[in-house]
Structures are given as structure tokens and as C-alpha cells.
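Chemist: here is my input, please return the structure:
(chains A and B)
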Amino acid sequence: MLADLFTGSVLIGLLASGIRLATPYLYAAIGETFGQRSGVLNLGVDGIMLMGAFSAFYVVFKTGDLVGGVLLAMLVGLLMGLAMAFISVTLNAEQGISGIGVYLFGLGMSDLLFQKLINNVQTVSGFPVAPIPFLSEIPVIGQIFFTHNVLVYGAYLLVPIAWFVLNKTTLGLKIKAVGENPEAADTLGVSVAKIRYLTVSMGGLLSGVAGASLSIALLNVFQFNLTNGLGFIAIALVYFGGWRPTWVLMGSLIFSFVNALQIWVQVVGIPIPSDIAVMTPYILTIVVLVISAQRVRPPSALSKTYERLE
Amino acid sequence: MRISWSSIFDALLPLIATAAALAIGAVMLVLLGANPLVAYGALIEGAFGSFNAVADTIVKATPLLLVGIGICIAFRAGVINIGGEGQMILGGLSSIAMGLAFPNMPGIIMIPVALLVGFAAGGLWGGIPGYLKARFNVNEILSTIMLNVIAVQLMNLLLRGPLIQPNQKGAAAIPQTARLAVEYDLPRLIPTRLHLGALIAVILAVAVYFFLWRTTIGYRIRAVGLNASASRYAGIKVERYIVLSLMLSGAFSGLAGAIQVYGVNHFMITDGTAASFTGSAGFNGIVAALFGQLHPIGAIPASFLFGALLVGANKLQRVVQVPAALITALNGLVVVFVVSSEIWRRKNARKRAIRELEEKLANVAHKSHSEGGDQNAG
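Modeler: Take a look at the predicted model:
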């Protein structure tokens, strides 16, 4: 009887942390979905996340202002997104490689600022758990879904919003048109550049929030390479999700549950080497990439530059 | 062919891009409260200030060059290999396993065997994303990045387990291997840390140049990169060359890892990150290759330059107390600037093509009129 209760509560804890851990994937992957739908592959997501994570952490470390932290992460993400848009849209640079440049910049810059401004690993008190009234009191369900912090709720709210924008608005139609056939969209008077600037900078902003969710809502810490490639997994999830927000949500959940399980396996002390446990989500990513490459076709103009004929 | 200002400008573009990155770096240094002149002075001093410093710069440039020539092959085939870090790790692991398993061989036999093993292991690790792309159309950028993380975990697993130094036991064990037999050290070229690996890298860079521009296979690799569908139409088995180019690219990174072990470290240790072994050469090699305009010969001076930046960064950190991470950030900017500056190269190329066309038309017009007017379209 006692053993049953124990496994029950462990299972609830596992599911709840799975829901929570999907947060950074969701922000980053939904943001990237918009960029890719309009034809821009932003590989700098991980670097932008790192900068967002550091900025948010720094504000909270210095002032304790959580909202200020998120706002600064958004601003930094937006600026880096704008830079990526300038590089890939205005300068028509090769997107894959320039994204790696943005990643390296974010990796080095966030470490530089961390060493210069904070220097040793510190923790902050991040977003507190904010149980949703009434819903959080439902047994089991309440604990799994409705007892998280606001950044977690925000990530899940983003999915229906993204779905609505992409599928039910003129803007969504324009974004998809630009990503499928920029020449045709241009002929119809849609500004390819404007749409791509919008999607890539919004993607940057959301990547900034994704970073902030790590440093001031989930882990409450900053260190060198805090994301450890999470941004790249988010990009893989966009492929897995077939560039549709609902499927991106599915992918993010699968991933975060595998991750939660992996952490749980280590905590409980099941004799699987931790290295293999850590490796699993990445192997899964590759499997997922193989499956999704068979299933759906990427936006036709993805990662292709578009130059207007003059 | 005549040399015009615009073609000189093209050749100088990477240098201009680097100057721009360094200028931004100078602004960052000022913001961080350091005098950029003092900082860059320290950087140059650290990289070239003494005989030993130059030797260290070359040692640091060696893995960049090896990774970089592999990158030249992959990028010329139109595939983007971001997996240098993982491929280096596989090369290091397999070559050190070889040397530790057979500790009593003559160095003259073991060194080439171990380097070849590292080459092959990196090639296999690079072949995985190649196969996945050719067979299943999996984006190689993402698969190579995933394989980097998997390789790091593999390294941690092996260094904690089968490869651990025999006297490291118990909870406090440091995840490191035993030292390789001293006979297996790559020979030093001069009495500094400079080892034979640097010479091997330069020779291979020249060899890869001949491979890409003077052999049929190399020609096909470049053809696939320039226009895959036209190549397929011409009867080239595109998928085969995609796999081959990623394998070769991985193999050179694997060799870089093996040379790092046999030439510099002589053992392997992990702090859980890739950079502790690779020094991020898997990424910085991409920077060097791009800077060398994806030409293996161009990668030689480019690697030297970035080796200098990395070695100098330590001195910079000591003198002006600005973390060496600045150089990683600047490398990122160099990549962005070099890739972005392509737009001017394309514009110049277009202008040149138009001008040549105009000249030809003018000549035709000139001949047909046969008046001997001194119009000169140039």
C-alpha cells in the first residue's frame, strides 16, 4: 500500500517535471517555426538563448526583478533576431553558416559577460510556483498541469496562439506564401523582406525568453554553455513537428518526458551509466529526424536566399 | 584575364571582415574597461612574442588546419559539416585506445597506425550523417550537432570506464587515461612544443588541393556542390559523393583528434565538455576554412591567424583581465562578416560579367563598322 503511494507520487512528479521541462523547447521551437515557415533557417537559436539566459539571470541576480529579467532577455533576443534577419535577408548570406556564427558569438559573449560581471556560479530565486486557482486542486491532474510558474504557462499558451496566427490570419498566409514561393508572394505585393524580418526577429525574441526560462524559472542558475545544445534540439523539433505548432508541441513533450525520465533514472540510481542516459535524447533526436524527413516536406524556400530582380 | 580593382577587393574581403570584427572587439574592450591597443598588443605579443610563442601558435593552428581542409571538402560538396568536435573526439579516443592496447610496439609503426585509426574513426563518425542525408534526406547540420553531443558522452563513458588509468579507482577517480608510451610521442621538429603533426597538416592541405582540383573524384565533389541536379543529370551519383565528402571531412577531423593526442596531450582527460579535448577546434576550423575561402591552401594562413588569436587570447586575458571567451565571440563575428560579405563579391562578379559582355558587344560593333573610331569601352 505504501509502495503504491510512493510510486504514484513519483509518477506524478515525473509527469509534472516533463511538462515543466518542455518550456524552453516550446519557446525556441515555436519561434523558429515562424522563421522557417517564412523560409529562414536561423541556426543561431542556441546562441540567442544563451544571451537571453544570461541577461535575465543578470537582472535577477542584481535586482531580483523577475519581470525585468524576462524583458531584457526579450530585448536582447529581439536585437539578435534583427541581426540575423539583416544578415540573411538584407545581405542574403548563407543561412546555415551565418547561423553558426551567431551561435559562436552568443556562446562566447555570454561566457565573457558572465566571467566579467558575475564570475562564479550563483543561484537566484526564480519565478515562484503559481498554482492556478481551482484547477490546481484537482487531484493528480492539478499537480501535473496546473502547479507551475508563469513562464511554463506562457509556453503552452503560445502554441494555440501560434496555430491561430499561422492558420487563421492573413499574416499567417503571407508568412507561408513567402516561405513556399517568395517570387509569387512578391508579385502579389507581399514584401518578402518585411515578413522575414518580422518572423526572424520574433523568433529571436522567443529564443531570448527560452533562455530566460532556463536561467530564472527552471534551473535558476547561469554557467558557461548553460543550454548545452538545447537550441539545436529545438530546431530539430521544428523539423519533427513538420513546421506545425501542434506537432512541435508533441515533439517538445516527448523530449522533455524522455529528459525527465533520464534525470529520474539517475536520481533513483538505476544502474545505467549517466553518460548513456544523457546521450539518449540526442540519439532519439536523430531517429526523430529520420522519421520526420520521410513524413513531411520542408517549406520550399527554406534556407534559400531571395533576391529581387531589378 | 586582367586584374581589376574589384577582384583585388574580393581577395581582401576576408581581411576586411576580420578587421571589422576586431573593430567591434575594440569597442567591446573599451566597454569592458580595457585599452584596446594594450589588449591587442598583448594578443600579438602572446602569439608571436618569442620563438616559443610562434611554435605554440603553429601547434594551436594544426588542428584548425586539419579540420579546416575537411570542411573545404564538405562545403565544396554543398554539405555543411558542423560535427568536427565529435569527429575529433572519435579520432582521439580510437587512436589512444590503439596506443594503450599495444604499448610495446616501435613508435615508427604505432604512430602511423594510430593516426590512420583516428582518420578512419573520424571518417566513420562523419559517414553517419552522410548516409542519413543521402539515404533519408536528414539535414546534416542537425545530425552532426547531435553526433557531437553523443561523442562527448561516449568520451566520458570510455574515460570513466574501459579507458581509465588503472590506478584511478573509487568515487574520487579522475576520468583520464594512462599516458601513452613515450616512444609514441610525435617527433618534435625543433626544441619547442612544435611537433610533426603541423608538417603533416600542411602536406595534407596541399594534397587535398590536388585532390579537389586535379582528380576526377574531386571534380565530381565540386560539381555536386555547385549544382546537384545538373550533376545527377550528367550521370554523377550525387548521394555517393555526399557520403564520401562527409566521410573525408570527418576523417580529417578525426586525424586532428589523433594528432592532438599523439602530438600534444599524450593522454586524454575529460571535464565533461567537448572543448576540454578539442579546444573548440571543430568549430574554429570552420572559421578558418571560411576565412581561407574554402580553399585548402588558403586554409593554411587562415589557420595560422586563428591559432595566433587563440594563443594570444591567453596573454590578453592575463594583461587586461578580459576573459579569453572574447575570442570565441569575435570568431562568431568573423564567420558572420565573411559570409555576409559574399554579397559584395557576387555584386562585383555580376558587374564584371556585364562589363565583359559590354566590351564584347562594343568590339563586335566596332568591327562591323570598320571605321577605326577610338571608342574604348573599358
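Chemist: for the stretch 251-378 of chain B, which residues are neighbours of chain A?
Modeler: Proximity of the stretch 251-378 of chain B to chain A, by Cβ under 8 Å from any Cβ of the partner chain, involves residues B:273, B:283, B:286-287, B:290, B:322-323, B:325-336, B:339-340, B:342-343. For glycine as for every other residue, the C-beta is placed from the backbone atoms N, C-alpha and C.
Chemist: let's see 10 Å
Modeler: B:270, B:272-275, B:280, B:283-284, B:286-287, B:290, B:317, B:321-344, B:346 (Cβ under 10 Å from any Cβ of the partner chain).
Chemist: from the residues you listed, which land in helices?
Modeler: The helices, defined by DSSP state H, take in B:275, B:283-284, B:286-287, B:290, B:317, B:325-340, B:342-344, B:346 from these.
Chemist: narrow those to just the buried residues.
Modeler: Neighbour counting over these (16 or more other Cβ atoms under 10 Å in any protein chain shown) leaves B:275, B:283-284, B:286-287, B:290, B:317, B:325-340, B:342-343 as the buried ones.
Chemist: which residues does the nearest residue to residue B:323 once chain neighbours are set aside contact?
Modeler: Counting by Cβ to Cβ, 6 or more residues apart in numbering or on different chains, the nearest residue to residue B:323 once its immediate chain neighbours are dropped is residue A:115, at 4.1 Å. Neighbour list for residue A:115: A:224, B:317, B:321-326 [criterion: Cβ atoms under 10 Å, 6 or more residues apart in numbering or on different chains].
Chemist: what about residue 285, neighbour count?
Modeler: Answering for chain A, as no chain was given. Using other Cβ atoms under 10 Å in any protein chain shown, residue A:285 is surrounded by 27 other residues.
Chemist: not what I meant, chain B
Modeler: Neighbours around residue B:285, by other Cβ under 10 Å: 32.
Chemist: how far away is it from residue A:47?
Modeler: Using Cβ to Cβ, to the nearest Å, residue B:285 is found at 18 Å from residue A:47.
Chemist: what's the answer for residue B:336, then?
Modeler: Distance, residue B:336 to residue A:47, by Cβ to Cβ: 11 Å.
Chemist: how about the residues of the stretch 51-200 of chain B by chain A?
Modeler: Applying Cβ under 10 Å from any Cβ, one finds that the stretch 51-200 of chain B approaches chain A through B:75, B:79-80, B:82, B:128-129, B:132-133, B:135-161, B:175.
Chemist: repeat that with 8 Å
Modeler: By Cβ under 8 Å from any Cβ, the residues of the stretch 51-200 of chain B that approach chain A are B:80, B:82, B:132, B:136-139, B:141-143, B:145-150, B:153-154, B:156-157, B:160-161.
Chemist: quick one: buried ones out of those?
Modeler: Among these, those classed as buried by 16+ other Cβ under 10 Å are B:80, B:82, B:132, B:138-139, B:141-143, B:145-150, B:153-154, B:156-157, B:160.
Chemist: pull out the buried positions in the host helix or strand of residue B:212.
Modeler: Using DSSP states H and E, residue B:212 sits in helix B:196-214. Going by neighbour count (16+ other Cβ under 10 Å), the buried part of helix B:196-214 is B:196-198, B:200-202, B:204-205, B:208-209, B:211-212.
Chemist: who's in contact with that helix?
Modeler: B:58-59, B:61-62, B:65-66, B:69, B:72-73, B:76, B:115, B:186-189, B:217-219, B:221-222, B:252, B:255, B:259-260, B:262-264, B:295-297, B:299-300, B:303 (Cβ atoms under 8 Å, 6 or more residues apart in numbering or on different chains).
Chemist: give me that answer again for 6 Å
Modeler: B:58, B:62, B:65-66, B:69, B:186-187, B:218, B:259, B:263, B:296-297, B:300 (Cβ atoms under 6 Å, 6 or more residues apart in numbering or on different chains).
Chemist: in PyMOL, how would I select just the buried ones from those residues?
Modeler: Listed next is the PyMOL selection for buried residues among the contacts of helix B:196-214, using 16+ other Cβ under 10 Å:
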select buried, chain B and resi 58+62+65+66+69+186+218+259+263+296+297+300
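Chemist: next helix or strand past the one helix or strand the residue nearest to residue B:323 maps to?
Modeler: Element membership for residue A:115, per DSSP H and E: helix A:95-117. On the C-terminal side of helix A:95-117, the closest following helix or strand by DSSP H and E is helix A:141-145.
Chemist: got the buried residues for the helix or strand just after that next one?
Modeler: Moving toward the C-terminus from helix A:141-145, the next helix or strand (DSSP H and E) is helix A:150-168. For helix A:150-168, burial by neighbour count (16+ other Cβ under 10 Å) applies to A:150-152, A:154-156, A:158-159, A:162-163, A:166.
Chemist: may I see the buried residues of whichever strand or helix holds residue A:259?
Modeler: If you go by DSSP H and E, residue A:259 is part of helix A:245-268. Applying a neighbour-count criterion of 16+ other Cβ under 10 Å, one finds A:245, A:247-249, A:251-265 buried in helix A:245-268.
Chemist: need the residues of the stretch 151-300 of chain A near chain B, please.
Modeler: Selection of the stretch 151-300 of chain A residues close to chain B by Cβ under 6 Å from any Cβ of the partner chain yields A:229, A:232, A:236, A:273, A:275, A:278-279, A:282, A:285-286, A:289-290, A:293.
Chemist: avg pLDDT for the top helix by length along chain B?
Modeler: Longest helix in chain B, counting residues (DSSP H): helix B:107-136. The average pLDDT within helix B:107-136 is 96.
Chemist: what residues are up against residue 78?
Modeler: By default, I'm working from chain A. Going by Cβ under 6 Å, 6+ apart, the list of residues near residue A:78 reads A:201, A:204-205.
Chemist: my bad, chain B
Modeler: Applying Cβ under 6 Å, 6+ apart to residue B:78 gives the contacts residue B:225.
Chemist: now with 8 Å?
Modeler: Contacts of residue B:78 by Cβ under 8 Å, 6+ apart are B:224-226, B:228, B:242.
Chemist: over to residue B:328?
Modeler: Counting by Cβ under 8 Å, 6+ apart, residue B:328 touches A:104, A:107-108, A:111-112, B:280.
Chemist: excluding chain neighbours, what is closest to it?
Modeler: In space, residue B:328 is closest to residue A:108, 2.9 Å off (Cβ to Cβ, 6+ apart).
Chemist: circling back to that earlier point, need the buried residues of helix B:196-214 in CSV with pLDDT, can you?
Modeler: Shown next, in CSV, are the buried residues of helix B:196-214 (pLDDT from 0 to 100):
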residue, pLDDT
B:196, 94
B:197, 95
B:198, 96
B:200, 97
B:201, 97
B:202, 97
B:204, 98
B:205, 98
B:208, 97
B:209, 97
B:211, 97
B:212, 96
